[in-house]
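Student: Sequence and predicted model, in that order:
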Amino acid sequence: MNKIISWFINLCAFWIILCYVIGYFHPEVFYWFSKGKWMTYSLAFVMLCMGLSLKLSDFAELFKQPRVVVLAALSQYTVMPLSGWAIAQILGLPKELAVGLILLACCPGGTASNLIAYIGRANLSLSVVSTAVSTILGIVMTPLLTKLLAGGYVPVDVWGMLRSVVEIVLIPVTAGVLINWKFPDFVKKLGQTGPVISTIAVSMVSGAVIAPAVMLEGGREQIIAFAGKMFLAATLLHGLGFGLGFALGRIFGYDRDLCKSIACETGMQNGGLAATLAKNNFPAYMPIVGVPSIFCSIMQSAIGGVLASIWRMTTPERKEKE
């Protein structure tokens, strides 16, 4: 049974891509999951599972080296926005797609980076802390960078973002850490339940991202029309994010697990937030301006899933607790 479970987790990238394919051809399979609070509750539950794998000592050790948290935040808000702008220029994207790509590149990773870090046995405490920091910074940085690079100001729901961080990240992770502290024997009995739930959750979310877009009138045609350039743009954007994020960690002398976390925080973006901001702030260019969010969600999940699978298979299990 343990071998079957490990096999399932290691094939994370395959399940993600499979759900995207199903979501495209049969959007009704995942459409229900995109409605209401399903995605929020599922990710919050995953964050609870992540918290169960952490100890108070993990965060204590991390706060002894705050520079790595600062580096992760700087990487998120320099590598991705500048890469998004450069790719849009080099590929000569139409203004609607260029704005959508830059907007996506300016949105912090959210819980998606935590999921990849968790499955890939990166330094999860760094990933969680960095996500909280980058999300809070995003209240200012996302509209500022979008205005600077895309030429327009994007208003952000400050309290909505803060509430999202509290609901999806801070409360569940804190609860998980406290449960692990108070009931360590119970947590040990759970085994690989957390990674299994994470794999299922990220796959379901992947299908739920594309389903609503496909079900819009003309949505499938819009996706097909820009598929070539957007797959290239998304691959370059997230490839650079993961690669340069990991490289920056190495340049500053951090160990492999910390570098993996920096790579996840840099390479993963919040496609849901980008799509929402595009809809609210660029309605005249919808649905085209929202197309980059779909392709970037696909490619970041695929690239991140592949990396997570490789990292998981090449990292001893004991490091998941470090």
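Tutor: Perfect, thanks for sending it.
Student: what's the average pLDDT for stretch 38-50?
Tutor: Averaging pLDDT along stretch 38-50 gives 80.
Student: Take it, keep the C-alpha atoms, and write them as PDB.
Tutor: Output of stretch 38-50 as PDB, limited to C-alpha atoms (Å, rounded to 0.1, in the frame of the first residue of the first chain):
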ATOM      1  CA  TRP A  38     -15.000  24.700  -2.500                       C
ATOM      2  CA  MET A  39     -11.500  25.800  -3.600                       C
ATOM      3  CA  THR A  40     -11.000  28.000  -0.500                       C
ATOM      4  CA  TYR A  41     -12.000  25.200   1.900                       C
ATOM      5  CA  SER A  42     -10.000  22.500   0.100                       C
ATOM      6  CA  LEU A  43      -6.800  24.600   0.100                       C
ATOM      7  CA  ALA A  44      -7.300  25.600   3.700                       C
ATOM      8  CA  PHE A  45      -7.600  21.900   4.600                       C
ATOM      9  CA  VAL A  46      -4.400  21.200   2.700                       C
ATOM     10  CA  MET A  47      -2.700  24.000   4.700                       C
ATOM     11  CA  LEU A  48      -3.900  22.300   7.800                       C
ATOM     12  CA  CYS A  49      -2.200  19.100   6.700                       C
ATOM     13  CA  MET A  50       0.900  21.100   5.900                       C
END
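Student: Run through who's touching that stretch.
Tutor: The contact list for stretch 38-50 (C-beta atoms under 8 Å, 6 or more residues apart in numbering) reads 32-33, 111, 114-115, 118, 124, 128, 164, 167-169, 171-173, 175-176, 193-194, 197-198, 201-202, 204-205, 208, 272. Placement of C-beta: from N, CA and C, glycine included.
Student: what residue ranges in the chain score low on pLDDT?
Tutor: Along the chain, segments meeting pLDDT under 70 span 1, 58, 61-62, 152-162, 272, 276, 286-287, 317-322.
Student: so of the contacts of stretch 38-50, which ones are in helices?
Tutor: 111, 114-115, 118, 124, 128, 164, 171-173, 175-176, 193-194, 197-198, 201-202, 204-205, 208, 272 (DSSP state H).
Student: Next, work out how far apart K189 and F8 are.
Tutor: K189 sits 19 Å away from F8, going by C-beta to C-beta, to the nearest Å.
Student: circling back to that earlier point, filter the contacts of stretch 38-50 to the buried ones?
Tutor: 33, 111, 114-115, 118, 124, 128, 164, 167-169, 172-173, 176, 194, 197-198, 201-202, 204-205, 208, 272 (16 or more other C-beta atoms under 10 Å).
Student: how about the strands in the stretch 201-322 of the chain?
Tutor: For the stretch 201-322 of the chain, applying DSSP state E, counting those that start in this stretch gives no strands.
Student: the helices in it, which residues?
Tutor: Per DSSP state H, counting those that start in this stretch, the stretch 201-322 of the chain carries helices over the ranges 219-225, 227-251, 256-267, 271-281, 291-314.
Student: and the angle for the longest one with helix 291-314?
Tutor: Think helix 227-251. On the basis of axes from the mean of the first three to the mean of the last three C-alpha atoms, to 10 degrees, helix 227-251 is oriented at 50 degrees to helix 291-314.
Student: Could you quantify the relative orientation of helix 227-251 and helix 111-119 as an angle?
Tutor: 60 degrees.
Student: Residue numbering should commence at 2 henceforth.
Tutor: Done: numbering now begins at 2, and the last item shifts to helix 228-252.
Student: So which residues lie in contact with helix 228-252, not counting its own?
Tutor: Helix 228-252 has contacts (C-beta under 8 Å, 6+ apart) with 69, 72-73, 76, 80-81, 84-85, 88-89, 92, 94, 98, 102, 105-106, 259-261, 263-270, 292-293, 296-297, 299-301, 304-305, 308.
Student: Can you select the buried ones from these in PyMOL?
Tutor: This is the PyMOL syntax for the buried subset of the contacts of helix 228-252, where burial follows 16+ other C-beta under 10 Å:
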select buried, resi 69+72+73+76+80+81+84+85+88+89+94+98+102+105+106+259+260+261+263+264+265+266+267+268+269+270+292+293+296+297+299+300+301+304+305+308
